[in-house]
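Sequence and predicted structure are below.
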Amino acid sequence: MRPFNLTQASFGGRVLVSLLSALMLLSGSAQAQSYSLERMEMRAQLSPQRYTTLSAELGAKISRISVKEGERFKAGETLIEFDCALQAAQLDKARAQLVGADNTYAGNQRLAALNAVGQVELRNAEAEVMKARADVAYLQATLDKCTINAPFNGRASEQKAREQQFVQPGQALLDIIDDTTLELEFIMPSRWVVWLKPGHKFNVRIEDTNKSYPVKLLRIAARADPVSQTVKAVAVIDGNYPELIAGMSGRILLSPPKR
(Lines give C-alpha, C1' and ligand atoms only; values in the text may rest on other atoms or scores of the structure.)
Protein backbone atom coordinates (compact mmCIF):
# COMPACT_ATOMS: atom_id res chain seq x y z
CA MET A 1 0.00 0.00 0.00
CA ARG A 2 1.32 3.44 -0.97
CA PRO A 3 1.98 5.71 2.05
CA PHE A 4 -0.16 8.87 2.45
CA ASN A 5 1.68 12.02 1.42
CA LEU A 6 0.70 14.95 3.62
CA THR A 7 2.39 17.47 1.31
CA GLN A 8 0.34 16.33 -1.70
CA ALA A 9 -2.90 16.51 0.29
CA SER A 10 -2.10 20.03 1.44
CA PHE A 11 -1.29 21.14 -2.10
CA GLY A 12 -4.52 19.62 -3.44
CA GLY A 13 -6.51 21.43 -0.80
CA ARG A 14 -4.96 24.74 -1.72
CA VAL A 15 -5.79 24.15 -5.40
CA LEU A 16 -9.40 23.33 -4.54
CA VAL A 17 -9.72 26.45 -2.40
CA SER A 18 -8.24 28.55 -5.22
CA LEU A 19 -10.69 27.13 -7.74
CA LEU A 20 -13.64 27.78 -5.45
CA SER A 21 -12.43 31.34 -4.83
CA ALA A 22 -12.10 31.96 -8.59
CA LEU A 23 -15.62 30.66 -9.22
CA MET A 24 -17.00 32.92 -6.48
CA LEU A 25 -15.19 35.91 -7.96
CA LEU A 26 -16.57 35.16 -11.42
CA SER A 27 -20.06 34.76 -10.02
CA GLY A 28 -19.75 37.99 -8.09
CA SER A 29 -18.42 39.77 -11.18
CA ALA A 30 -21.34 38.53 -13.29
CA GLN A 31 -23.82 39.66 -10.63
CA ALA A 32 -22.13 43.06 -10.40
CA GLN A 33 -22.20 43.42 -14.19
CA SER A 34 -25.88 42.45 -14.27
CA TYR A 35 -26.63 44.98 -11.53
CA SER A 36 -24.65 47.64 -13.40
CA LEU A 37 -26.58 46.97 -16.61
CA GLU A 38 -29.92 47.08 -14.83
CA ARG A 39 -29.06 50.32 -13.03
CA MET A 40 -27.10 52.11 -15.75
CA GLU A 41 -28.08 55.65 -16.70
CA MET A 42 -29.62 55.69 -20.16
CA ARG A 43 -28.88 58.97 -21.92
CA ALA A 44 -30.87 60.10 -24.95
CA GLN A 45 -30.84 63.00 -27.38
CA LEU A 46 -33.78 64.41 -29.30
CA SER A 47 -33.47 64.12 -33.06
CA PRO A 48 -35.88 64.70 -35.96
CA GLN A 49 -37.41 61.71 -37.73
CA ARG A 50 -36.53 63.16 -41.14
CA TYR A 51 -33.75 65.53 -42.13
CA THR A 52 -31.78 66.26 -45.26
CA THR A 53 -29.47 68.72 -46.98
CA LEU A 54 -30.85 70.41 -50.08
CA SER A 55 -28.22 70.72 -52.81
CA ALA A 56 -27.94 72.43 -56.18
CA GLU A 57 -28.59 70.27 -59.24
CA LEU A 58 -27.15 72.76 -61.71
CA GLY A 59 -24.61 75.54 -61.82
CA ALA A 60 -26.45 78.83 -61.39
CA LYS A 61 -26.80 81.97 -59.26
CA ILE A 62 -29.22 81.87 -56.32
CA SER A 63 -31.84 84.56 -56.80
CA ARG A 64 -33.93 83.88 -53.67
CA ILE A 65 -33.99 81.80 -50.49
CA SER A 66 -37.47 82.07 -49.03
CA VAL A 67 -36.79 80.70 -45.51
CA LYS A 68 -34.34 81.73 -42.84
CA GLU A 69 -32.80 79.54 -40.18
CA GLY A 70 -35.44 78.43 -37.68
CA GLU A 71 -38.43 79.33 -39.88
CA ARG A 72 -41.10 76.78 -40.69
CA PHE A 73 -42.34 75.71 -44.13
CA LYS A 74 -44.86 73.31 -45.64
CA ALA A 75 -44.33 70.43 -48.05
CA GLY A 76 -44.23 71.64 -51.67
CA GLU A 77 -43.33 75.21 -50.74
CA THR A 78 -40.56 76.76 -52.85
CA LEU A 79 -37.50 77.21 -50.66
CA ILE A 80 -34.78 78.18 -53.16
CA GLU A 81 -34.94 79.80 -56.61
CA PHE A 82 -32.13 80.15 -59.14
CA ASP A 83 -31.58 82.72 -61.87
CA CYS A 84 -32.35 80.64 -64.96
CA ALA A 85 -33.03 83.33 -67.57
CA LEU A 86 -30.52 81.69 -69.95
CA GLN A 87 -32.16 78.27 -69.65
CA ALA A 88 -35.60 79.83 -70.20
CA ALA A 89 -34.38 81.51 -73.39
CA GLN A 90 -32.90 78.23 -74.62
CA LEU A 91 -36.23 76.51 -73.97
CA ASP A 92 -38.09 79.13 -76.01
CA LYS A 93 -35.65 78.56 -78.88
CA ALA A 94 -36.09 74.79 -78.69
CA ARG A 95 -39.86 75.13 -78.77
CA ALA A 96 -39.65 77.32 -81.87
CA GLN A 97 -37.41 74.75 -83.56
CA LEU A 98 -39.94 72.06 -82.68
CA VAL A 99 -42.71 74.07 -84.39
CA GLY A 100 -40.56 74.39 -87.51
CA ALA A 101 -39.71 70.68 -87.50
CA ASP A 102 -43.40 69.78 -87.12
CA ASN A 103 -44.33 72.00 -90.08
CA THR A 104 -41.62 70.48 -92.26
CA TYR A 105 -42.67 66.94 -91.38
CA ALA A 106 -46.36 67.72 -92.02
CA GLY A 107 -45.49 69.20 -95.42
CA ASN A 108 -43.37 66.17 -96.35
CA GLN A 109 -46.20 63.85 -95.35
CA ARG A 110 -48.54 65.63 -97.79
CA LEU A 111 -45.91 65.51 -100.52
CA ALA A 112 -45.26 61.82 -99.82
CA ALA A 113 -48.95 61.13 -100.34
CA LEU A 114 -48.57 62.63 -103.82
CA ASN A 115 -45.30 60.74 -104.43
CA ALA A 116 -43.55 64.11 -104.63
CA VAL A 117 -40.93 63.36 -101.97
CA GLY A 118 -38.90 60.29 -101.17
CA GLN A 119 -39.11 58.16 -98.06
CA VAL A 120 -35.61 59.22 -96.99
CA GLU A 121 -36.60 62.88 -96.83
CA LEU A 122 -39.79 61.95 -94.97
CA ARG A 123 -37.93 59.90 -92.36
CA ASN A 124 -35.32 62.62 -91.93
CA ALA A 125 -38.06 65.16 -91.28
CA GLU A 126 -39.59 62.82 -88.69
CA ALA A 127 -36.19 62.44 -87.01
CA GLU A 128 -35.83 66.22 -86.81
CA VAL A 129 -39.16 66.39 -84.99
CA MET A 130 -38.03 63.76 -82.49
CA LYS A 131 -34.75 65.59 -81.96
CA ALA A 132 -36.53 68.90 -81.38
CA ARG A 133 -38.90 67.27 -78.88
CA ALA A 134 -35.95 65.78 -76.98
CA ASP A 135 -34.30 69.22 -76.80
CA VAL A 136 -37.50 70.71 -75.40
CA ALA A 137 -37.83 67.93 -72.81
CA TYR A 138 -34.18 68.29 -71.76
CA LEU A 139 -34.38 72.05 -71.32
CA GLN A 140 -37.73 71.78 -69.52
CA ALA A 141 -36.19 69.31 -67.07
CA THR A 142 -33.26 71.67 -66.56
CA LEU A 143 -35.59 74.60 -65.96
CA ASP A 144 -37.55 72.54 -63.40
CA LYS A 145 -34.34 72.28 -61.36
CA CYS A 146 -34.24 76.06 -61.06
CA THR A 147 -36.55 75.83 -58.05
CA ILE A 148 -36.15 73.58 -55.01
CA ASN A 149 -39.35 72.70 -53.17
CA ALA A 150 -39.73 71.37 -49.64
CA PRO A 151 -40.03 67.56 -49.58
CA PHE A 152 -41.88 67.62 -46.24
CA ASN A 153 -43.22 69.93 -43.53
CA GLY A 154 -40.42 71.21 -41.34
CA ARG A 155 -37.97 73.94 -40.39
CA ALA A 156 -34.79 75.38 -41.86
CA SER A 157 -31.89 74.20 -39.74
CA GLU A 158 -28.76 75.74 -41.30
CA GLN A 159 -28.28 77.96 -44.35
CA LYS A 160 -25.09 77.04 -46.21
CA ALA A 161 -25.33 79.47 -49.14
CA ARG A 162 -26.51 83.04 -49.70
CA GLU A 163 -28.61 84.89 -52.25
CA GLN A 164 -26.71 86.13 -55.34
CA GLN A 165 -24.08 83.43 -54.75
CA PHE A 166 -23.11 81.27 -57.74
CA VAL A 167 -23.18 77.59 -56.79
CA GLN A 168 -21.97 74.42 -58.46
CA PRO A 169 -23.93 71.18 -59.00
CA GLY A 170 -23.94 69.14 -55.81
CA GLN A 171 -23.12 72.08 -53.53
CA ALA A 172 -24.98 72.04 -50.18
CA LEU A 173 -27.45 74.91 -49.82
CA LEU A 174 -29.80 74.37 -46.90
CA ASP A 175 -30.22 71.86 -44.05
CA ILE A 176 -33.85 71.12 -43.23
CA ILE A 177 -35.49 68.96 -40.57
CA ASP A 178 -38.95 67.57 -39.89
CA ASP A 179 -39.42 68.16 -36.17
CA THR A 180 -43.14 67.40 -36.06
CA THR A 181 -42.11 64.15 -34.36
CA LEU A 182 -38.96 63.91 -32.26
CA GLU A 183 -37.12 60.64 -31.70
CA LEU A 184 -34.80 59.51 -28.91
CA GLU A 185 -32.00 56.99 -29.31
CA PHE A 186 -30.65 55.27 -26.23
CA ILE A 187 -28.67 52.20 -25.20
CA MET A 188 -30.36 49.62 -22.95
CA PRO A 189 -29.44 46.16 -21.56
CA SER A 190 -30.00 43.50 -24.20
CA ARG A 191 -31.75 41.30 -21.60
CA TRP A 192 -34.62 43.78 -21.59
CA VAL A 193 -35.79 42.75 -25.07
CA VAL A 194 -37.78 39.90 -23.50
CA TRP A 195 -40.21 42.35 -21.91
CA LEU A 196 -39.61 45.74 -23.58
CA LYS A 197 -41.56 45.77 -26.85
CA PRO A 198 -42.48 48.47 -29.41
CA GLY A 199 -45.39 50.49 -28.07
CA HIS A 200 -44.19 50.33 -24.44
CA LYS A 201 -44.69 53.69 -22.72
CA PHE A 202 -42.32 55.33 -20.24
CA ASN A 203 -40.83 58.80 -19.57
CA VAL A 204 -37.76 60.88 -20.35
CA ARG A 205 -36.35 63.71 -18.26
CA ILE A 206 -35.10 66.51 -20.53
CA GLU A 207 -32.40 68.53 -18.79
CA ASP A 208 -32.84 71.63 -20.99
CA THR A 209 -36.43 72.13 -19.79
CA ASN A 210 -36.10 70.30 -16.46
CA LYS A 211 -39.34 68.46 -17.20
CA SER A 212 -40.43 64.88 -17.82
CA TYR A 213 -42.27 63.86 -21.00
CA PRO A 214 -44.14 60.71 -22.06
CA VAL A 215 -42.31 58.45 -24.48
CA LYS A 216 -43.32 55.46 -26.61
CA LEU A 217 -40.87 52.85 -27.85
CA LEU A 218 -40.68 52.64 -31.66
CA ARG A 219 -38.14 49.94 -32.41
CA ILE A 220 -35.14 47.99 -31.14
CA ALA A 221 -31.99 47.35 -33.16
CA ALA A 222 -31.64 43.95 -34.81
CA ARG A 223 -28.24 43.22 -33.24
CA ALA A 224 -26.90 43.47 -29.68
CA ASP A 225 -23.33 44.24 -28.61
CA PRO A 226 -22.00 40.95 -27.16
CA VAL A 227 -19.26 42.68 -25.14
CA SER A 228 -21.36 45.29 -23.32
CA GLN A 229 -24.57 43.21 -23.51
CA THR A 230 -26.49 46.26 -24.70
CA VAL A 231 -28.68 47.11 -27.67
CA LYS A 232 -29.80 50.37 -29.27
CA ALA A 233 -33.45 51.39 -28.98
CA VAL A 234 -35.43 54.23 -30.56
CA ALA A 235 -38.42 55.91 -28.93
CA VAL A 236 -40.60 58.88 -29.85
CA ILE A 237 -42.02 61.74 -27.80
CA ASP A 238 -45.69 60.85 -27.26
CA GLY A 239 -47.40 64.20 -27.78
CA ASN A 240 -46.80 67.75 -28.99
CA TYR A 241 -44.55 69.93 -26.85
CA PRO A 242 -43.48 73.17 -28.62
CA GLU A 243 -40.64 73.83 -26.16
CA LEU A 244 -38.78 70.71 -27.30
CA ILE A 245 -36.32 71.06 -30.16
CA ALA A 246 -33.84 68.71 -31.81
CA GLY A 247 -30.52 68.45 -30.00
CA MET A 248 -31.88 68.60 -26.44
CA SER A 249 -30.83 65.71 -24.24
CA GLY A 250 -31.88 63.99 -21.08
CA ARG A 251 -32.23 60.73 -19.18
CA ILE A 252 -34.55 57.82 -19.92
CA LEU A 253 -36.73 56.93 -16.91
CA LEU A 254 -37.21 53.22 -17.36
CA SER A 255 -36.75 50.23 -15.04
CA PRO A 256 -37.36 46.49 -15.51
CA PRO A 257 -40.53 45.04 -13.99
CA LYS A 258 -40.29 43.64 -10.48
CA ARG A 259 -39.95 39.87 -10.40
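Received it, and whenever you're ready, just let me know what you need. Numbering: from 1, shown residues only.

would you list every one of the helices in the chain?
Assigned by DSSP state H, the chain shows helices spanning 6-39, 85-113, 119-144.

For the second one, name the packing helices and strands.
Helices and strands in packing contact with helix 85-113 are listed as helix 119-144; criterion 3 or more C-beta pairs under 8 Å, 6 or more residues apart in numbering; DSSP states H and E. Where C-beta positions appear, they are placed from N, C-alpha and C, glycine not excepted.

what angle separates the helix it packs on from helix 85-113?
On the basis of axes from the mean of the first three to the mean of the last three C-alpha atoms, to 10 degrees, helix 119-144 is oriented at 160 degrees to helix 85-113.

If you count neighbours, what's buried in helix 119-144?
Residues of helix 119-144 classed as buried by neighbour count (16 or more other C-beta atoms under 10 Å): 125, 128-129, 132-133, 135-136, 139, 142-143.

ends of stretch 186-200, how far apart?
With C-alpha to C-alpha, to the nearest Å applied, stretch 186-200 spans 15 Å between its terminal residues.

Extract the residue ranges of the stretch 151-259 of the chain that are flagged as low pLDDT.
The model of the stretch 151-259 of the chain has pLDDT under 70 over residues 259.

Ok, the stretch 1-150 of the chain next?
Looking along the stretch 1-150 of the chain with the criterion set at pLDDT under 70, you get 1-40.

let's see it at 80
Counting by pLDDT under 80, the stretch 1-150 of the chain shows low-confidence ranges at 1-41, 117.

from memory Glu77 sits against Glu71, does it?
No. Judged on C-beta atoms under 8 Å, Glu77 makes no contact with Glu71 at a distance of 10.7 Å.

follow-up on the earlier one: now distance to Lys201 too, for the buried residues of helix 119-144, in TSV please.
Putting those into TSV (distance: C-beta to C-beta, whole Å) gives the following:
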residue	distance to Lys201
Ala125	71
Glu128	67
Val129	64
Ala132	62
Arg133	58
Asp135	59
Val136	56
Leu139	55
Thr142	50
Leu143	50
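
Is it correct that Tyr213 is in contact with Ile206?
Yes. Assessed by C-beta under 8 Å, Tyr213 is found in contact with Ile206 at 6.3 Å.

Leu122 contacts Gln109, correct?
Yes. Using C-beta under 8 Å, Leu122 is in contact with Gln109, at 6.8 Å.

Can you give me the distance of the nearest residue to Lys197 once chain neighbours are set aside to Lys232?
Closest residue in space to Lys197, ignoring its immediate chain neighbours: Leu217 at 7.1 Å, by C-beta to C-beta, 6 or more residues apart in numbering. For Leu217, the distance to Lys232 (C-beta to C-beta, to the nearest Å) stands at 12 Å.

More neighbours: which of the two?
Leu217 (20 against 16; other C-beta atoms under 10 Å).

quick one, what contacts that one?
Applying C-beta atoms under 8 Å, 6 or more residues apart in numbering to Leu217 gives the contacts 196-202, 233-235.

Out of those, flag the one nearest to Ala116.
Closest to Ala116 out of the contacts of Leu217 is Val234 (73.8 Å), distances taken as C-beta to C-beta.

Go ahead and confirm the closest one touches Leu182.
No. Counting by C-beta under 8 Å, Val234 does not reach Leu182; the two are 11.2 Å apart.

Looking at these two, which one has more neighbours?
Leu182 (24 against 17).

residue contacts, the more buried one?
Leu182 is in contact with 46-49, 236-237, 244, 246, counting by C-beta under 8 Å, 6+ apart.
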